[in-house]
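Undergrad: Please work out how this folds:
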Amino acid sequence: MPRAPKPSASRDKVRAHRAKLRAQGLRPVQIWVPDTRTEAFKKEARRQSLAVARSDRRDAALMAALDAVTDEWLADIEAAEAAAPKPKARRK
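TA: Below is the predicted model:
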């Protein structure tokens, strides 16, 4: 006759934690994602990135819009850095 598994403290903790999450209206979900560590993924990501870069360069309107947004972001960053208090110099 097979023996029943021994109760495990960690198993009980996990069970209690999951019950608490379910009581909060959450449910467990398992998802499968691409394995970014594989050589095949790296090659495909590079291929797609190059394709997007090539198509973007041919679209003058898109490039102008991206340049405008980038210029605006850089101006905002520079303004924030200029307005930020300067750190006091440390004395040695």
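
Undergrad: what stretches of this protein score poorly on pLDDT?
TA: 1-2, 4-7, 92 (pLDDT under 70).

Undergrad: same thing but at 90, please
TA: Counting by pLDDT under 90, the chain contains low-confidence residues at 1-8, 52-67, 84-92.

Undergrad: For D12, grab the count of nearby residues.
TA: As a burial measure, D12 scores 10 neighbours (other CB atoms under 10 Å). Just so you know, the C-beta spots here come from the backbone N, C-alpha and C atoms, and that holds for glycine as well.

Undergrad: which stretch of helix or strand covers it?
TA: helix 9-23 (DSSP states H and E).

Undergrad: Could you write out the alpha-carbon coordinates of that helix in CSV?
TA: What follows is helix 9-23 as a C-alpha-only set of coordinates in CSV (Å, rounded to 0.1, in the frame of the first residue of the first chain):
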residue,chain,number,x,y,z
ALA,A,9,6.3,22.9,6.4
SER,A,10,7.2,24.6,3.1
ARG,A,11,4.3,23.0,1.3
ASP,A,12,1.9,24.3,4.0
LYS,A,13,3.4,27.8,3.7
VAL,A,14,2.9,27.7,-0.1
ARG,A,15,-0.6,26.5,0.3
ALA,A,16,-1.5,29.2,2.8
HIS,A,17,0.1,31.9,0.7
ARG,A,18,-1.8,30.8,-2.4
ALA,A,19,-5.1,30.7,-0.3
LYS,A,20,-4.4,34.2,0.8
LEU,A,21,-3.8,35.4,-2.8
ARG,A,22,-7.0,33.7,-3.9
ALA,A,23,-8.9,35.4,-1.0
